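**Student:** one predicted model, sequence on top.
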Amino acid sequence: MQVLDALLAGAAIGVVWLLLRAAGAVPLAAAAGSGIAAFSYAFWRNAIDVEVYALSALALVICLAAAWRAALVPSARAFAVLGVANGVAVLAHATNIVFAVVAAAAVLLAARGRDLGSAALRWFAAYASAAAAVVVSGYAGAAVAHGLGSPGEFRRWFTERSGQPGDFGTIGLENVPRGVFGAARALVGGHHALALEPVRDELTARFSGKTFSEEVFFLEGYPNALAAALLVFSAVTAFLVALLAARWVRRPALDARLRTLAILAAAWLVPYALFWLWWEPLNIEHWYAVWLPAAVLLAIPLTRPPRGTAALAAATVAALFAVNLLGSVLPQLDEDRDLWYAKTAWYRAHARSDDLILSNGYVWSAYLRYRVAADIVDIEDVFREASGERDAIADLRRRLATADGRVLVSGEAFDAFADRPVACLDVPRTCEIAAATARALRGRCTVLAVAREPFERVWRCPRTA
């Protein structure tokens with residue numbers, strides 16, 4: 001899957017290059033835009049991780065290309081193609097419905113200066129109907145494959161990762177610094193800075209609920225001198241990007257092709273930035289969807305550059321590559337320094353194939369399912385699918401009673417983030433579910449093992465707990 005993600009990410013960068021060149025950008029501009037997109041931390045990380053974001057990125061840049069083509073040569077067919085591409089993007093990640101704003105902008109650009117009101121409606125209808133057909137058929141197939149027999153079952157399945165009240169979609173002034181921080185780290189990961197205790201303490205105090213425990217674990221032993229040097233280099237990189245953005249102040253003369261692409265890229269960037277600012281501002285991996293159009297916008301003014309721009313563009317891409325490689329990507333390549341992988345050590349050594357293991361949280365559960373040959377039950381899934389706490393506990397008791405072998409419980413299922421309880425401020429639902437499970441089941445359980453580095457407590461419970 002990592003190889004597939006890398007191929008999808010590479011294809012996405014290829015589309016960025018081809019689109020910029022088709023729009024009239026010179027090779028320097030196309031290379032700069034492609035390089036900034038490729039070496040931005042969020043995109044780079046998603047390209048080597050097993051996630052949906054590389055597929056989503058490819059679908060989105062294809063959507064941008066289709067929107068650009070439809071805006072320049074409008075027809076019902078061109079907008080239907082855009083609808084199909086956007087439908088695929090929505091299936092890759094549901095939040096890509098926000099790209100409808102770009103489709104609307106493409107319709108307005110196509111109709112500008114013409115008396116084409118009815119045609120514009122037909123164009124948007126062609127886009128919307130094609131997108132809906134792809135999305136509805138995709139979800140219908142998923143419903144059949146998962147055996148979802150009612151609207152309620154489909155709703156629970158569809159919202160299984162976003163249906164936790166309080167975890168996502170909040171409004172408040174605190175979202176602004178969180179969003180700025182998340183977006184900045186999506187460009188320059190800056191993990192090296194967390195090796196410096198004063199920086200780490202300041203960020204932990206500023207962003208309540210964030211402990212940076214995963215980063216602290218894999219950065220153990222990271223040289224402070226290198227961390228400090230890269231911190232300065234990160235600031236230089238940000239300054240170089242700002243200099244590229246400042247090219248827009250000169251109001252570069254653009255032909256219709258580049259001007260249309262710039263407008264559509266801006267129509268992509270703004271609503272996505274606002275959405276992630278509201279939805280999950282600190283999550284670095286989501287902000288790739290903002291830096292992709294930002295990279296296109298940074299590249300466009302380079303088509304007619306003043307003297308020295310080639311050196312600036314090359315320095316920016318090289319700086320992004322170096323600071324993210326040394327400060328973020330390489331420190332994470334050692335599997336033994338992966339916090340969640342290290343937490344599976346006891347289970348990898350001692351769990352049996354007929355064991356039932358209760359875990360908590362999709363990340364931890366995914367690690368256990370991938371690394372441990374046992375029956376892994378995520379209590380978050382149980383609570384999400386239940387009609388209430390009583391029903392969830394009853395379901396857990398049934399699972400324990402019918403287990404083939406031992407019943408083991410991860411400490412995360414009784415005391416979520418026991419070694420860093422402040423994290424409950426960030427994901428309160430996870431901790432509430434753990435507390436409810438502990439109240440119901442822990443009384444008759446005994447501690448089987450305790451690992452200190454990283455912390456993990458393993459409980460054994462009777463089947464009739």
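**Tutor:** Cool, got the structure. Not measured: the values here are computed from a predicted model.
**Student:** give me the mean pLDDT for the helix or strand harbouring Gly87.
**Tutor:** Assigned by DSSP states H and E, Gly87 belongs to helix 76-92. In this model, helix 76-92 has a mean pLDDT of 97.
**Student:** what packs against that helix?
**Tutor:** Where contact means 3 or more Cβ pairs under 8 Å, 6 or more residues apart in numbering; DSSP states H and E, helix 76-92 is packed against helix 53-72, helix 100-111, helix 117-145. Every residue, glycine included, has its C-beta placed from N, CA and C.
**Student:** what residues sit buried inside the last one?
**Tutor:** Of the residues in helix 117-145, 119-120, 122-124, 126-128, 130-131, 134-135, 139, 143 count as buried by neighbour count, 16 or more other Cβ atoms under 10 Å.
**Student:** any regions of the chain where pLDDT drops low?
**Tutor:** Applying pLDDT under 70 to the chain flags the ranges 1, 113-116, 160-169, 305-308, 465.
**Student:** could you list the domains of it?
**Tutor:** Here the domain assignment for the chain is 2-332, 338-461, based on automatic domain parsing.
**Student:** ok, the residue nearest to Asp395 when sequence neighbours are not counted to Gly388 distance?
**Tutor:** Of all residues not flanking Asp395 in the chain, Val382 sits nearest, at 5.4 Å (Cβ to Cβ, 6 or more residues apart in numbering). Using Cβ to Cβ, to the nearest Å, we find Val382 at a distance of 12 Å from Gly388.
**Student:** now the strands: where do they sit in the chain?
**Tutor:** With strands called from DSSP state E, the chain shows them at 356-359, 375-378, 407-410, 446-452, 455-461.
**Student:** want to throw those strands into CSV with mean neighbour count?
**Tutor:** What follows is these, written out as CSV (neighbours: other Cβ atoms under 10 Å):
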stretch, mean neighbour count
strand 356-359, 24
strand 375-378, 22
strand 407-410, 27
strand 446-452, 12
strand 455-461, 18
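**Student:** can you tell which of those strands is closest to Ser208?
**Tutor:** strand 455-461 (21.1 Å; Cβ to Cβ).
**Student:** against which helices or strands is the closest one packed?
**Tutor:** Short answer (3+ Cβ pairs under 8 Å, 6+ apart): strand 455-461 packs on helix 345-350, strand 407-410, helix 411-414, strand 446-452.
**Student:** between those, which one is nearest to Pro198?
**Tutor:** Closest among the helices and strands packed on strand 455-461, using Cβ to Cβ: strand 446-452, at 26.1 Å.
**Student:** and that closest one, which strands flank it?
**Tutor:** strand 455-461 (antiparallel) (DSSP bridges).
**Student:** can you tell me what sits against the partner strand?
**Tutor:** 343, 346-347, 400, 406-412, 414-415, 418-419, 441-442, 444-451 (Cβ atoms under 8 Å, 6 or more residues apart in numbering).
**Student:** what's the neighbour count on Thr402?
**Tutor:** Neighbourhood size, Thr402 [other Cβ atoms under 10 Å]: 9.
**Student:** one more: Arg371?
**Tutor:** Arg371: 17 neighbours (other Cβ under 10 Å).
**Student:** my read is that it contacts Trp346, right?
**Tutor:** No - at 11.3 Å, Arg371 does not count as touching Trp346 under the criterion of Cβ atoms under 8 Å.
**Student:** how about the helices and strands packed on helix 76-92, which one is nearest Ala186?
**Tutor:** With respect to Ala186, and counting by Cβ to Cβ, the nearest of the helices and strands packed on helix 76-92 is helix 53-72 at 11.1 Å.
**Student:** by how many degrees do that closest one and helix 117-145 diverge?
**Tutor:** Counting by axes from the mean of the first three to the mean of the last three Cα atoms, to 10 degrees, helix 53-72 lies at 160 degrees to helix 117-145.
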